[in-house]
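Engineer: I'll drop the sequence and a predicted model, then ask my questions.
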Amino acid sequence: MRFSRDAEISVMKANPYHYAKGISFVNDIIFHHYPPSPVAEKVRVALGIKQLNWCSVTIPRVPPKPLLMPLTGGFRRTPVMQIGADVYCDSQCILRELQKRYPQPSFSGDASPGMLWGLSRWTDDTLFKLCLKIVLAVAEPNMPQDLLKDRGRLYFGPHWDFSKVRAELPQLVAQLRTQLGWMDQQLSSGNKYMLGDNASLADALAYYLIWFIRGRWSEGPEFLSQFSEIVAWEQRVNEIGHGTPTDMSAEQALSIAKAVEPTTPESVDPNDPLKLEVGMQISIAPNEDSGEQPVSGKLRFADRETIALIQSNDQVGTVCINFPRVGYRIITA
Ligand SMILES: N[C@@H](CCC(=O)N[C@@H](CS)C(=O)NCC(=O)O)C(=O)O
């Protein structure tokens, strides 16, 4: 759904420059991220595959994130996408929404989409954690303490210890080598991209891990040089770019949310195993023990893939916050 002209005008009036130019942003993609975030890089590549225009809001790397939290109900991870007063947390949810709103070119390239989401559980879970262990364990002695403590707890639980991880580094690298070998093999068919001659979600899912290893692990470039197909493909994905970003301030993003109402429909799958109902009080939290606070509010929407709740506060008015189902647990009552 697009916003009415009245809603657009009310946002424009909040900013005289935009009013004069006739720009409103209420239907635009607002992407909250920071440049070194690998998960954000995955979405930036996806925005490039679809050649989209988007507004770029830079957020802090560690909490507090006072200009993001009012939109996400306290969810602190990066990235977050906002369109008007609808907010999408977690890259899985963001990518699905982008595919829904901008179907062409499709994220499934030359293939059908179903198993691509399954593929994302391998890349974003097993493989991303493995890359994080290698990158963080090697970088630990030179990392700022606040960042190290934050990421250790977030990704590896309350008893994280990178000195132990460093001791098993060759084992971890061996695990990574085999799995990147699968990607290299996939590319040896002569196709330009992972699933054919059109770029797909599979490319974004693989690329951000390679980008992360190359940029943040001191031995990454040398390690990657053994995968000749990956190295050539990496260049092709790099050339896709990120679409067209335009900088936006966090304050402006908040004012856009405040000027409009959420468009996410009120609807719940009647066969939902949790017997959810519109309006019920719920909390949503990541499945893993990451120390993150659940996000609470009134249920607005639930289907097999997505769950969304409503929250209100002075900074944004009412927002609808969407999460993926997979990887998150829902607490009722
Ligand atoms: N499952 C999440 C993972 C996101 C994630 O872990 N992002 C990292 C940055 S790459 C993060 O949130 N780090 C902590 C922070 O930014 O506060 C997703 O796919 O979006």
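Structural biologist: Received the coordinates, thanks. Remember, it's a predicted structure, so these values are computed and weren't measured experimentally.
Engineer: give me the buried positions along stretch 98-111.
Structural biologist: 98-99, 102, 106-109, 111 (16 or more other CB atoms under 10 Å). The C-beta positions use only the backbone N, C-alpha and C, and glycine is treated the same way.
Engineer: brain fart, stretch 247-261
Structural biologist: For stretch 247-261, by 16+ other CB under 10 Å, it's 248, 250, 252-260.
Engineer: closest to the ligand out of the residues you listed?
Structural biologist: Nearest to the ligand among those is A250, at 14.4 Å by CB to the nearest ligand atom.
Engineer: shouldn't that closest one be in contact with L67?
Structural biologist: Yes - counting by CB atoms under 8 Å, A250 does reach L67; the two are 3.6 Å apart.
Engineer: not counting its neighbours along the chain, what's nearest D269?
Structural biologist: Closest residue to D269 apart from its sequence neighbours, by CB to CB, 6 or more residues apart in numbering: D303 at 4.9 Å.
Engineer: one more: F107?
Structural biologist: Once flanking residues are discounted, F107 sits nearest to L201: 4.0 Å by CB to CB, 6+ apart.
Engineer: so that neighbour touches L98, yeah?
Structural biologist: No - between L201 and L98 there is no contact under CB under 8 Å: 9.9 Å.
Engineer: hmm, back to that, closest to the ligand out of the buried residues of stretch 98-111?
Structural biologist: When the buried residues of stretch 98-111 are compared against the ligand (criterion: CB to the nearest ligand atom), the nearest one is L98, at 13.2 Å.
Engineer: which residues are in contact with each of L201 and L98?
Structural biologist: 46, 107 (CB atoms under 8 Å, 6 or more residues apart in numbering).
Engineer: near the ligand, which residues of the stretch 151-300 of the chain?
Structural biologist: L154 (CB under 6 Å from any ligand atom).
Engineer: neighbours of the residue of the stretch 151-300 of the chain found nearest the ligand, just the number please.
Structural biologist: Of all residues in the stretch 151-300 of the chain, L154 sits closest to the ligand, at 5.9 Å by CB to the nearest ligand atom. Neighbours of L154 under the rule other CB atoms under 10 Å: 18.
Engineer: anything in contact with each of A250 and L67?
Structural biologist: With CB under 8 Å, 6+ apart, A250 and L67 have common neighbours I59.
Engineer: so R166, which of the three states?
Structural biologist: The three-state label given to R166 by DSSP: H, G, I helix; E, B strand; the rest coil is helix.
Engineer: could you report the pLDDT at it?
Structural biologist: We have a pLDDT of 92 for R166.
Engineer: do I9 as well
Structural biologist: 55.
Engineer: middle-most residue in this protein, spatially?
Structural biologist: The geometric centre of the chain, computed from its C-alpha atoms, lies nearest to S91 (CA atoms, centre = their mean), at 2.4 Å.
Engineer: what about that one, distance to the ligand?
Structural biologist: 4 Å (CB to the nearest ligand atom, to the nearest Å).
Engineer: I figured that residue hits R77, correct?
Structural biologist: No - assessed by CB under 8 Å, S91 is found out of contact with R77, at 9.1 Å.
Engineer: intersection of neighbour lists for the two?
Structural biologist: In contact with both S91 and R77: V39, using CB under 8 Å, 6+ apart.
Engineer: so which of the buried residues of stretch 98-111 belong to strands?
Structural biologist: Taking DSSP state E, every one of the buried residues of stretch 98-111 sits outside strands.
Engineer: now, which of those sits nearest K129?
Structural biologist: F107 (23.3 Å; CB to CB).
Engineer: give me the pLDDT for the closest one.
Structural biologist: On the pLDDT scale, F107 is placed at 96.
Engineer: got the phi and psi for it?
Structural biologist: In terms of degrees, to the nearest 10, the main-chain angles of F107 are phi -70, psi -20.
Engineer: quick one: it from S120, how far?
Structural biologist: Distance of F107 to S120, given as CB to CB, to the nearest Å: 10 Å.
Engineer: joint contacts of the two?
Structural biologist: 95, 201.
Engineer: OK, contacts around the spatially closest residue to S267 that is not a sequence neighbour?
Structural biologist: Excluding its sequence neighbours, the residue lying closest to S267 (CB to CB, 6+ apart) is F301, at 5.5 Å. With contact taken as CB under 8 Å, 6+ apart, F301 is in contact with 264-268, 278, 307-308, 320, 322.
Engineer: and the two most separated of those?
Structural biologist: Pairwise over the contacts of F301, using CB to CB, the maximum falls at V278 and N322, 14.7 Å.
Engineer: which residues does the strand or helix carrying the residue of the stretch 151-300 of the chain closest to the ligand contact?
Structural biologist: L154 belongs to helix 145-156 when assigned by DSSP states H and E. Here helix 145-156 makes contact (CB under 8 Å, 6+ apart) with 61-63, 129, 132-133, 136, 140, 160, 162, 290-292.
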